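In: Below are the sequence and a predicted model; questions follow.
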Amino acid sequence: MSLVKLTIKGISYSQTQNGAYALILNEVDGERKLPIVIGAFEAQSIAIALEKDITPPRPLTHDLFKNFADRFAIVVKQVIIHKLVDGVFYSSIICECDKIEEIIDARTSDAIALALRFNAPIFTYKNILDKAGIYLKTSPSKKSLSKEEETVIEDLILGEDKETVKPASESYNKYSLTELNKMLDEAVKNENYEKAANIRDEISKRG
């Protein structure tokens, strides 16, 4: 079976499952997206790895694993999403130590969080993408999900009955850059990484 390389498109909050997020993976040489439901902690860890300007005051679990692996010369070579059963994705982490390759079973969210920290590529098999991939034509220069994309993904993988709605995120456009940078430092210090990411987005808009 042929492998298809994936990149991360973004993370979308679930309107129907409290505390759940949809991680959206892009097909590198195509237009299909692979949505995967993940938990809040894993979404936070992935967001931190994507946001290079935010450094946690203490290592998160995946950072600890990375530090541990570095200390013992273990390298994550790649991650493969190799199976899809009843809507659940299964992944393998391909590691190498002393030129010996090992394959370790992992939750997909954990595997991707580690892949980001090791700059390791993410793959899936073509038959999985054929089965679970969806088409969403968007501009390649866009970094975030559009409202249309979020609606399509939400309806497709999390159901159309939106019983719970995420409270509107705080608006930061009323603050100055000095205030935003101070708030960003405070959010990181308090380990409120979702708030920190939102503040960083507002600062980036003004850059």
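Out: Received the coordinates, thanks.
In: Please tell me how far the closest residue in space to Ser45 that isn't next to it in sequence sits from Lys126.
Out: Excluding its sequence neighbours, the residue lying closest to Ser45 (CB to CB, 6 or more residues apart in numbering) is Ala113, at 4.6 Å. (Glycine included, C-beta is placed from N, CA and C.) Ala113 is 24 Å from Lys126, where distance means CB to CB, to the nearest Å.
In: tell me which element the residue nearest to the spatial centre of the chain is part of?
Out: Centroid-nearest residue in the chain, with CA atoms, centre = their mean: Ile46, separated by 4.4 Å. Element membership for Ile46, per DSSP states H and E: helix 40-50.
In: quick one: average confidence on that helix?
Out: Summarised as a single mean, pLDDT over helix 40-50 is 88.
In: What is the subsequent helix or strand relative to that helix?
Out: Following helix 40-50 toward the C-terminus (DSSP H and E): helix 61-71.
In: what residues does that following helix touch?
Out: Helix 61-71 has contacts (CB atoms under 8 Å, 6 or more residues apart in numbering) with 45, 49, 56, 59, 74-76, 95, 110, 113-114, 117-118.
In: residue ranges for the strands of the protein, please.
Out: According to DSSP state E, the chain carries its strands in the segments 3-13, 20-27, 32-39, 75-85, 88-97, 100-107, 122-125, 134-135.
In: Need the residues that contact the fifth one.
Out: For strand 88-97, contacts defined as CB under 8 Å, 6+ apart pick out 36, 69, 72-84, 101-108, 111-112, 114-115, 128, 132.
In: which stretches of the protein aren't confidently modelled?
Out: Scanning the chain with the threshold set as pLDDT under 70 gives 14-19, 136-170, 193-194, 207.
In: can I see the domain layout of it?
Out: 3-163, 167-207 (automatic domain parsing).
In: ranking those by burial, who's on top?
Out: domain 3-163 (a mean of 16; mean count of other CB atoms under 10 Å).
In: any idea how far that domain is from the chain center?
Out: 5 Å (CA atoms, centre = their mean, to the nearest Å).
In: Return the distance of Asp63 relative to Thr55.
Out: When Asp63 is compared with Thr55 (using CB to CB), they lie 10 Å apart.
In: brain fart, Asn181
Out: Counting by CB to CB - Asn181 and Thr55 are separated by 14 Å.
In: Could you do Glu102 as well?
Out: Between Glu102 and Thr55 the computed distance is 30 Å (CB to CB).
In: re earlier: Glu191: which of the strands of the chain is closest?
Out: Counting by CB to CB, Glu191 lies closest to strand 32-39 out of the strands of the chain; the figure is 16.5 Å.
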